[in-house]
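**Student:** Quick one: sequence and predicted model below, then my questions.
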Amino acid sequence: MNFLSKFKTKLSKTSSLLSSNILDTFKSKKVDSNTLEELESILITSDISLDVVSQLIGSVQKINTQKNDVTEAVFEILTKKIEEILSLREKQFIDLNENEKKIILFAGVNGSGKTTTIGKISNKILSNKKVLIAACDTFRAAAVEQLENWAIRNENDFISGDLNQDPASIAYKACEKFKNDNYDYLLVDTAGRLSNNANLINQLVKLKKVITKYDDDFKVETVLVLDGTNGSNMIKQVEIFGEALNISSLIITKLDGTAKGGALISIANKYEIPISYVGLGESADDLMSFSSSNFAKSILYFDNQL
């Protein structure tokens, strides 16, 4: 299965909601005020923000209204516009051609998939690199155990602390080991934090300061992991974590289990933060490099048989 086929298969919940409704709206019909109003409702239902909806409607309005069946043209112009928005955010934070050593700090709310994502990145993308994994979630023993299991499976070195230990102290020890033992990558897991809990966010800010100040030569990436099933609620998370941590990249997980994939377009339109990877399933191979073309073509899949 090629990448586009996999995107289409895994994003079928979002696609079926969008594509079938758009097909029903425009089949054997013209572009007029009624069909545009229906399209607006369909796009909003897919968790696409009003700003983006306005842009998409504006593009569709330019279609030749004399045609009696504009369905294929509608799909083509929507796909093109969505890809145009998303292409500005298409960038991976891992470049295997670089020799630069890197620390990657993962943040996100409870249940976003940080721990599993770290395991998948180590397993699939960094399999030929020397990797140290640090468990700085000192609140949940189960999370530390899960991460350690990934480290064992991927043959990575692992560092953790005691339950309720200051996460920043673990991060400092991890930085020491990273430097002294000459690792290529340090992947830092953190406890899930509610985006509206200022104390927990401040603790995460402290942890990042420890990492960034340890050695000026270290390249530090701060990655926000978002649960795709949260739809438009992800936008607020990006805002709060972004203000506190200066997020350098996004990973959006669980997109195979939701019809709210349109929220990804809203995020790309509102924030100048790269989207690096998307989670399209449970296996390590289901963590895919984000492709604006594959995503746009997958959520808007034109088929007269729908």
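**Tutor:** Noted; the coordinates are in hand. Residues are numbered from 1 along each chain as shown.

**Student:** quick one: which helix or strand includes V223?
**Tutor:** Following DSSP states H and E, one finds V223 within strand 219-227.

**Student:** now that strand, how far from the centre of its chain.
**Tutor:** Between the centre of strand 219-227 and the centre of its host chain there is 9 Å, according to C-alpha atoms, centre = their mean, to the nearest Å.

**Student:** Stretch 102-110 now?
**Tutor:** Per C-alpha atoms, centre = their mean, the centroid offset for stretch 102-110 relative to its chain is 12 Å.

**Student:** which parts of that stretch are buried?
**Tutor:** 102-109 (16 or more other C-beta atoms under 10 Å). Every C-beta, even on glycine, is put in place using the N, C-alpha and C of the backbone.

**Student:** can you check stretch 227-243 too?
**Tutor:** Of the residues in stretch 227-243, those buried (16+ other C-beta under 10 Å) are 227-232, 234-235, 237-238, 240-242.

**Student:** Could you find which two of those are furthest from each other?
**Tutor:** T229 and G242 (20.4 Å; C-beta to C-beta).

**Student:** what's the next secondary structure element after the strand holding V223?
**Tutor:** helix 233-245.

**Student:** I would like the residues contacting the next helix or strand after that next one, please.
**Tutor:** Counting by DSSP H and E, the element after helix 233-245 in chain order, helix or strand, is strand 249-253. Here strand 249-253 makes contact (C-beta atoms under 8 Å, 6 or more residues apart in numbering) with 89, 91-93, 112-113, 116-117, 221-228, 234, 238, 264, 267, 273-279.

**Student:** Tell me where the stretch 101-250 of the chain has strands.
**Tutor:** Using DSSP state E, counting those that start in this stretch, the strands of the stretch 101-250 of the chain run over residues 102-107, 131-136, 157-159, 185-190, 219-227, 249-253.

**Student:** export the ones you listed to TSV and tack on mean pLDDT and distance to V31?
**Tutor:** Shown next, in TSV, are the strands of the stretch 101-250 of the chain (pLDDT from 0 to 100; distance: least, C-beta to C-beta, whole Å):
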stretch	mean pLDDT	distance to V31
strand 102-107	96	43
strand 131-136	96	52
strand 157-159	97	57
strand 185-190	96	48
strand 219-227	96	34
strand 249-253	98	32
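
**Student:** In TSV: the buried residues of stretch 102-110, plus distance to V188.
**Tutor:** Listed next are these as TSV, based on distance: C-beta to C-beta, whole Å:
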residue	distance to V188
K102	11
I103	7
I104	7
L105	5
F106	6
A107	9
G108	12
V109	17
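
**Student:** What is the burial count for the residue lying closest to D166 once chain neighbours are set aside?
**Tutor:** Using C-beta to C-beta, 6 or more residues apart in numbering and skipping the chain neighbours, the partner closest in space to D166 is T138 (7.6 Å). Around T138 there are 20 other residues, counting by other C-beta atoms under 10 Å.

**Student:** Same check on L264?
**Tutor:** 29.
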